[in-house]
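Q: here is a sequence with its predicted model. Questions after.
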Amino acid sequence: MDAALELFRSGGYQKTMIIDITKKAGAAKGTFYHYYPSKEAILEAICNRWAIKMATSFERENRQLSALPKLQLFTEHLFHPHQLNVLFKRLWDEEQLNLYYKTWRGLVETVFNPLLAEIIEQGNREETMHVACRNQAIAFFWSTLHCVWEAIFFQEPAEVIASKTKMAQSLLERILGIEKNTFEISLTNYWLA
């Protein structure tokens with residue numbers, strides 16, 4: 001996975017062949033196919049490894065937090081610089097949008113949505129959030145954040161990114177029934193940096 005990630009980041013997903021991965025890893029082609037049925041499968045495994053690592057780190061850090069600080073920490077983890085930034089940008093630039101969205105949707109559904117659902121349930125219990133339709137709120141949460149990610153992907157001017165971030169904060173407060181001006185999306189370290 002490390003060899004594939006390095007090659008996907010440096011040369012791009014499309015240009016990287018399975019033989020390139022096995023050569024870099026010092027493994028036989030048959031060994032690759034023993035673990036991964038395709039190049040797409042190793043991409044998904046790389047992304048899952050990152051998502052699980054991120055979720056584990058998030059859960060370790062949030063144990064004593066109430067729902068709003070927990071939500072803040074969750075979004076900070078999502079925007080924190082990580083190894084996949086360049087990979088996701090490469091997929092985007094190579095117009096591998098179906099693969100990008102399929103991979104991201106898989107991470108959201110299997111790893112991130114359960115965490116977000118727990119935060120919302122805790123917020124409802126603590127009465128700092130007021131969400132009647134949790135699954136719909138979660139869908140809008142991701143759509144809203146995606147607008148900020150796209151602004152970063154397209155390297156829009158900093159003031160545009162800041163404006164979209166502020167709008168996203170306001171929308172998320174409304175979507176999650178959070179008191180106005182109590183939630184912030186921190187982009188201190190742009191995750192594409």
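A: Received it, and whenever you're ready, just let me know what you need.
Q: how about low-confidence regions in this protein?
A: When residues are selected by pLDDT under 70, those of the chain lie in 81, 83, 188-193.
Q: longest helix in it, please.
A: Criterion DSSP state H: the longest helix present in the chain is helix 39-61.
Q: buried residues in it?
A: By neighbour count on 16 or more other Cβ atoms under 10 Å, the buried set for helix 39-61 is 39, 42-44, 46-48, 50-51, 54-55, 58. Where C-beta positions appear, they are placed from N, C-alpha and C, glycine not excepted.
Q: which residues of the protein fall in helices?
A: With DSSP H as the criterion, the chain has helices at 2-11, 18-25, 29-35, 39-61, 67-79, 84-93, 97-107, 113-126, 134-153, 158-175.
Q: how far away is R60 from K53?
A: 11 Å (Cβ to Cβ, to the nearest Å).
Q: ugh, wrong one, F183
A: 25 Å.
Q: could you do F153 as well?
A: F153 is 22 Å from K53, by Cβ to Cβ.
Q: so what's the nearest residue to E61 once chain neighbours are set aside up against?
A: Nearest residue to E61, sequence neighbours excluded (Cβ to Cβ, 6 or more residues apart in numbering): L73, at 6.2 Å. Applying Cβ atoms under 8 Å, 6 or more residues apart in numbering, we find L73 in contact with 58, 61-62, 65.
Q: which residue, other than its chain neighbours, is closest to the spatially most central residue of the chain?
A: Centroid-nearest residue in the chain, with Cα atoms, centre = their mean: L78, separated by 5.2 Å. When the adjacent residues along the chain are set aside, L78 lies closest to L145, with 6.9 Å between them (Cβ to Cβ, 6+ apart).
Q: before we move on, what about G177?
A: The spatial neighbour of G177 that comes closest, neighbours along the chain excluded (Cβ to Cβ, 6+ apart), is H130 at 2.9 Å.
Q: OK, contacts around that neighbour?
A: Applying Cβ under 8 Å, 6+ apart to H130 gives the contacts 124, 176-177.
Q: now swap in I19 and tell me
A: Contacts of I19 (Cβ under 8 Å, 6+ apart): K29.
Q: span of stretch 58-69 from start to end?
A: Its first and final residues considered, stretch 58-69 spans 12 Å by Cα to Cα, to the nearest Å.
Q: many thanks, have a good one.
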